[in-house]
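Novice: next one to model:
(chains A, B, C and D)
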Protein chains: 2
Amino acid sequence: MNHKSLLDYINKFISLTVEEENILLSKTTNRRYLKDQYIVQQGDVCKSVNFIISGCTKTFYMDQEGQEHIVMFAIEDWWTSDLGSHITQTPADFNVQCIEQTQLIQFTYDNLEELYKEIPKLERLFRKIVERAFVASQKRIIRNFSLSAKERYQVFKTTYPKIDQRVPQYMIASYLGITKEFLSKIKSQIIQGQ
Amino acid sequence: MNHKSLLDYINKFISLTVEEENILLSKTTNRRYLKDQYIVQQGDVCKSVNFIISGCTKTFYMDQEGQEHIVMFAIEDWWTSDLGSHITQTPADFNVQCIEQTQLIQFTYDNLEELYKEIPKLERLFRKIVERAFVASQKRIIRNFSLSAKERYQVFKTTYPKIDQRVPQYMIASYLGITKEFLSKIKSQIIQGQ
DNA sequence: AATAAAAGTTAATCTAGTTTAACTTCATTT
DNA sequence: AAATGAAGTTAAACTAGATTAACTTTTATT
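Specialist: This next block holds a predicted model:
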């Protein structure tokens, strides 16, 4: 069952009755995207919060000069969305695009609002999820300021070994805030023992 | 009344009955800190989430080399804490220190857990607060990557004009991720019309 | 199997921001 | 009013990482 990984995930934070689980699932949609398809497009209002069953996405910002800046990757058991756009229902700053064929469970804005009413415990679930996301984001800001590019890459590799293997190198460079050329140099330095 | 600004703030997100307001206030502590005092110290477990009535704080990380990296400032009507330490009750990564004499309303870990049980609506309140904080944090990551130091300073000045005026320049440099010398150069460039 | 396109590498040159250090201005204490 | 220290400035020398550009390897398409 596709829903199993979502219910298992939720169960780590709160416990739902079978009835509540059914309500929850009835208000979500299982959806498949192909490689390169967009889940959210910069400028559009983000219509959903998405739990990934399988696959991999990147969330990025396209700047004035047409340069892509990746804010996050997401894989199985992670959430993806433009949360800023979702909560305010205003145009998205970010794009969310599939790097692989991706299957996800979508919570649309309206459905999620209804779910909060019908199962107030979900407020607690999402509070906890967003708390963790916020903490990770703050730590990343600090790492970007206090570590060199090489150190940041090493932290990335040990923190997200799965993503490091799955994602093309030029996207990792973008996530780290450096050019693909410089990441290439860093990698060859590491191979030659610093 | 000191509590007024907190209750007004909360009222923007959820509505509480007078009774609920009283429960909430009964589980908080009004506290004053002098300039330079620490609310949270790196290495200690963070015992509270704090709403600022008056004053100003900085949240910073002290790195290996003893360098201070400021993650955020907080003034009246903002929250301050080491949220990562608070939610996991593990040693803090950050220091929270008062830049001015600061008065705040403290929610201790235990009291907040009790409040979530007694007034489940508060889950919604804090979900929304943290959502906003997370969104701001993500946007900051992008700004740090896609803008030059000068542009980041200009964004900071227009986004937080009050903080720009209140806080010593070397702390703003730290927040922007640059040296005080370079911020000084940037400011003189701006004065001389770019 | 051949070709094209996408991803990754290498090296030379360049630049935004750091480091160091001496100096000035402002605030606080006596 | 003098003195000490904290905050801010200026400028020269330096470096991490960007840019440009030519090249190689891998992957996808016919």
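
Novice: hmm, the longest helix belonging to chain A in reach of DNA strand D?
Specialist: When chain A is parsed with DSSP state H, its longest helix is helix A:121-146. No - contact between helix A:121-146 and DNA strand D is absent, the nearest approach being 9.4 Å (criterion: CB under 7 Å from any atom of the strand). (Each C-beta comes from the backbone N, C-alpha and C, glycine too.)

Novice: next SSE after that helix?
Specialist: Downstream of helix A:121-146, the next assigned helix or strand under DSSP states H and E is helix A:149-159.

Novice: can you check what angle separates that next one from helix A:121-146?
Specialist: Angle, helix A:149-159 to helix A:121-146, by axes from the mean of the first three to the mean of the last three CA atoms, to 10 degrees: 150 degrees.

Novice: hmm, back to that, any idea how far the longest helix of chain A is from the chain center?
Specialist: Computed by CA atoms, centre = their mean, to the nearest Å, the chain-centroid distance of helix A:121-146 equals 12 Å.

Novice: for that helix, packing partners?
Specialist: helix A:109-118, helix A:149-159, strand B:68-75, helix B:83-88, helix B:121-146 (3 or more CB pairs under 8 Å, 6 or more residues apart in numbering or on different chains; DSSP states H and E).

Novice: in CSV: the ones you listed, plus mean pLDDT.
Specialist: Converted to CSV, these look like this (pLDDT from 0 to 100):
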stretch, mean pLDDT
helix A:109-118, 98
helix A:149-159, 97
strand B:68-75, 96
helix B:83-88, 97
helix B:121-146, 97
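
Novice: can you redo those as CSV with distance to DNA strand C?
Specialist: Formatted as CSV, the helices and strands packed on helix A:121-146 follow (distance: least, CB to the nearest atom of the strand, whole Å):
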stretch, distance to DNA strand C
helix A:109-118, 32
helix A:149-159, 11
strand B:68-75, 11
helix B:83-88, 25
helix B:121-146, 9
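
Novice: tabulate the ones you listed in JSON lines, adding columns for mean neighbour count.
Specialist: What follows is the helices and strands packed on helix A:121-146, written out as JSON lines (neighbours: other CB atoms under 10 Å in any protein chain shown):
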{"stretch": "helix A:109-118", "mean neighbour count": "15"}
{"stretch": "helix A:149-159", "mean neighbour count": "16"}
{"stretch": "strand B:68-75", "mean neighbour count": "21"}
{"stretch": "helix B:83-88", "mean neighbour count": "20"}
{"stretch": "helix B:121-146", "mean neighbour count": "20"}
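
Novice: next, format those as a markdown table and append distance to A:Lys27.
Specialist: Output for the helices and strands packed on helix A:121-146, formatted as a markdown table (distance: least, CB to CB, whole Å):
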| stretch | distance to A:Lys27 |
| --- | --- |
| helix A:109-118 | 4 |
| helix A:149-159 | 33 |
| strand B:68-75 | 35 |
| helix B:83-88 | 27 |
| helix B:121-146 | 18 |
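
Novice: out of these, the one nearest A:Cys46 is which?
Specialist: Nearest to A:Cys46 among the helices and strands packed on helix A:121-146 is helix A:109-118 (8.1 Å), distances taken as CB to CB.

Novice: how distant is the closest one from the center of its chain?
Specialist: Relative to the chain's own centre, helix A:109-118 is displaced by 21 Å; criterion: CA atoms, centre = their mean.

Novice: kindly report the same for stretch A:115-122.
Specialist: Its chain's C-alpha centre and that of stretch A:115-122 lie 23 Å apart, by CA atoms, centre = their mean.

Novice: what is the end-to-end distance of it?
Specialist: Stretch A:115-122 stretches 7 Å from its first residue to its last (CA to CA, to the nearest Å).

Novice: do stretch A:49-62 as well
Specialist: 21 Å.

Novice: what about it and DNA strand D, touching?
Specialist: No - Stretch A:49-62 does not reach DNA strand D (CB under 7 Å from any atom of the strand); its nearest approach is 14.1 Å.
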